[in-house]
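> okay, here's the prediction I keep looking at, along with the sequence it came from:
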2 protein chains.
Amino acid sequence: MKPKIEDVAEIAGVSPTTVSRVLNDRGYISQKTKDKVYAAMKEINYVPNDLARSLYNKKSNLIGIIVPSTDHPFFGELVMHLENICNQKGYKVLLCNSLHDSQKEQQYWDMLQRNQVDGVIVVTYNRGLFDQAQNLCAVAVDHYLSDYIPVVSSDNFKGGKLATETLLAAGCRKVIHINGDEAIETPANKRQYAYEEAMKEAGLDHETYHVPDIAFLEHNINVIKALFKDHPDVDGIFASDDILAIHTLQYAKSLGYKIPEDLKIIGYDGTKLIRSIYPELTTIVQPVEEIAGQVLKILFEEIEQGKSGVKELAVPVSLWKGSTAGSN
Amino acid sequence: MKPKIEDVAEIAGVSPTTVSRVLNDRGYISQKTKDKVYAAMKEINYVPNDLARSLYNKKSNLIGIIVPSTDHPFFGELVMHLENICNQKGYKVLLCNSLHDSQKEQQYWDMLQRNQVDGVIVVTYNRGLFDQAQNLCAVAVDHYLSDYIPVVSSDNFKGGKLATETLLAAGCRKVIHINGDEAIETPANKRQYAYEEAMKEAGLDHETYHVPDIAFLEHNINVIKALFKDHPDVDGIFASDDILAIHTLQYAKSLGYKIPEDLKIIGYDGTKLIRSIYPELTTIVQPVEEIAGQVLKILFEEIEQGKSGVKELAVPVSLWKGSTAGSN
DNA sequence: CTGAAAGCGCTTACAG
DNA sequence: CTGAAAGCGCTTACAG
């Protein structure tokens, strides 16, 4: 059986209370006692049981993260940074891949509550699901979940503006936008509003196509096909996700479009991975590490000092100058 | 305060024992009692505390996963599948990104033990670190950690053979291999052995370059530069990772090589993401979902029935026919 | 500086 | 079919 505090105490010839004190460096203990206790712990290879600790302390130091799926570069990178920061702060991460299944999201949410997580980071849909849970500390990324849950996003409006203006400055006149599911109101919709505003300001028409479950690779192609069928004369496309932008680019090439001569394309996300293997893709870069940092700053404030004042936070974006939107 | 079993019991007018029985559907309870208990649970919004349960049961249903970083497509996809299967089986995942830091790996390993995980999946280096821990259930992916820890991999030897033979069949005579850190003995080294064997069988010389910490994007370029400086006449490259293959391809193009005419390139991993956004890259496909399934099959066997007999398992690979290795 | 006792929220023999 | 008691491994007032 695993050794417990009592076993250490027996070997060291002290009480369990004293062992616990040594373990937590709490109160005054003579150096001699400390040494005895450490020696005993080493002798029987003692490992403290965090479950018991958490139970007593009513603090698990557990953070739940719900993302659609870590196989998408943006979420993979975001999760890495979130977990990394949690680890530095002494928190542990329970990972949940919802796979866009709202039933799974509900189950995960319940599971996290049963496991007494101190906080949850939600990067997923399902507004309403979370209204019940005003008591739990939570922060969302790019999704409105309830009025009580702060939202951190890249500056979607500026990003959308920057993307559209980059295409217009490169000479595009017929710019079409592809975004995610329009049924859900998310901060990412601001990319669309910004695109529409920029087009109007230029005195041009706008039109947006929508991909359901944008993080699912398979759903892109049908929307892309429809776009080119409806608008063979398109000369600029702003895709709200780099994978989508790359799929669009591939399909356009297969139809014979020259990029960027006939058609200019700009994406969104600009993860380290995509910039590294697809540097030619012009895109709006979300500062993933900074987003992770802001999310956790807010979450830890909630956890440690009660509700933070933040409702919604937009982190600045930047332009990655590839070659798919011309060379400006 | 959060309601506990005692609160439910009081409202339902029964004992905590009975509430626990209803919760666990254990023993005989009258339907009437069940109804009362369920009603009480709903009334006060009771959520069971899994920490307390786990403490008593000496089973946490927690699985620790240690990967280099989820921002690499292979690990992002692997983690997604691992977590997904765990979830189906009623297990929860504690995620650890070691970031190739052996000190962090050690800390994570300790943390997972303190949290009473039922098992650990290790996709990381540091042989020796784990020798102490013969008691903990663990399975490794593509790494030898200790004689007691089973290893699941793609069939690295066949993969290496297939890659090399594909290049040779396409007419390459001077094929160079790029692999990971040679200081560490991993199953992935078999890709190199297979490459060497295939070259010998063809009566050709072989040479392998090594990238330290292969999953770190930044480390690739220096090795690639050295390779082209040493061997401008290279006509085939087998890179042991798709990202590395793409970087090689980019650099070769920048030097003026035509792919696949002057130089043929083949990668390894073939994640869903890379096949989707870089379908032209010829590569050896690791069946990530199947690897995840085998890993967990072995791990759950260890957990539920003591040690499984498996020591090492190789999962079949396949060839993704892009265009970077010719059109065979 | 150190220890005995109670309790974190749950479950499970043991009685009845 | 149901309950009182003990215990999972830890920690923290409260005494001394």
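Perfect, thanks for sending it.
> grab the nearest non-local neighbour of A:Glu312.
Sequence neighbours aside, A:Val151 is the residue nearest to A:Glu312 in space, at 4.9 Å (criterion: C-beta to C-beta, 6 or more residues apart in numbering or on different chains). For glycine as for every other residue, the C-beta is placed from the backbone atoms N, C-alpha and C.
> now A:Asp213: closest residue in space, sequence neighbours ignored.
In this structure, A:Asp213 finds its nearest non-sequential neighbour in A:His100, 4.8 Å apart by C-beta to C-beta, 6+ apart.
> what about the one you found, neighbour count?
Neighbours of A:His100 under the rule other C-beta atoms under 10 Å in any protein chain shown: 19.
> where exactly do the strands run in the stretch 1-150 of chain A?
Applying DSSP state E, counting those that start in this stretch to the stretch 1-150 of chain A gives strands spanning A:62-67, A:92-97, A:119-122, A:138-141.
> partner strands of the first one, parallel or antiparallel?
I take that to be strand A:62-67. Here strand A:62-67 has these sheet partners by DSSP bridges: strand A:92-97 (parallel), strand A:119-122 (parallel).
> what is the mean pLDDT for the longest helix belonging to chain A?
Using DSSP state H to define each element, chain A has its longest helix at helix A:288-305. Averaging pLDDT along helix A:288-305 gives 95.
> going on from that helix, what's the next piece of helix or strand?
strand A:312-315 (DSSP states H and E).
> so what are the sheet partners of that next one and their directions?
Counting by DSSP bridges, strand A:312-315 is paired with strand A:151-154 (parallel).
> what about dumping the CA coordinates of the strand it pairs with to CSV?
Taking Å, rounded to 0.1, in the frame of the first residue of the first chain, the C-alpha atoms of strand A:151-154 are listed here in CSV:
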residue,chain,number,x,y,z
VAL,A,151,-14.9,37.0,-22.5
VAL,A,152,-11.4,37.4,-23.9
SER,A,153,-10.8,37.6,-27.6
SER,A,154,-8.5,39.0,-30.1
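> tell me which residue is most central in chain A.
The centroid of chain A falls nearest to A:Leu78 when counting by C-alpha atoms, centre = their mean (4.7 Å).
> that one touches A:Pro287, doesn't it?
No - counting by C-beta atoms under 8 Å, A:Leu78 does not reach A:Pro287; the two are 10.9 Å apart.
> the helix or strand encompassing A:Ile178 near chain B at all?
Take DSSP H and E as the rule and A:Ile178 turns out to sit in strand A:175-179. No - using C-beta under 8 Å from any C-beta of the partner chain, strand A:175-179 stays clear of chain B, with a minimum separation of 15.6 Å.
> name the helices or strands packed onto that strand?
Packing partners of strand A:175-179 (3 or more C-beta pairs under 8 Å, 6 or more residues apart in numbering or on different chains; DSSP states H and E): helix A:156-169, helix A:189-201, strand A:207-210, helix A:220-230, strand A:236-239.
> burial check on A:His219, number of neighbours?
Counted with other C-beta under 10 Å, A:His219 comes out at 16.
> now do it against A:Tyr195, distance only.
Here A:His219 is placed at a distance of 20 Å from A:Tyr195 (C-beta to C-beta, to the nearest Å).
> over to A:Thr282?
A:Thr282 is 15 Å from A:Tyr195, by C-beta to C-beta.
> domain parsing for chain A?
Here the domain parsing of chain A from automatic domain parsing is A:5-48, A:60-153+A:288-315, A:156-287.
> now do the first one: distance from first to last residue.
Spelled out, that is domain A:5-48. The first and last residues of domain A:5-48 sit 8 Å apart, counting by C-alpha to C-alpha, to the nearest Å.
> near DNA strand C, anything from that domain?
Yes - using C-beta under 7 Å from any atom of the strand, domain A:5-48 reaches DNA strand C at A:Val14, A:Ser15, A:Pro16, A:Thr17, A:Thr18, A:Arg21, A:Gly27, A:Tyr28, A:Ile29, A:Ser30, A:Lys32, A:Thr33.
> compare those residues and tell me which has the most neighbours.
For those, the largest number of neighbours (other C-beta under 10 Å) sits with A:Thr18, at 21 neighbours.
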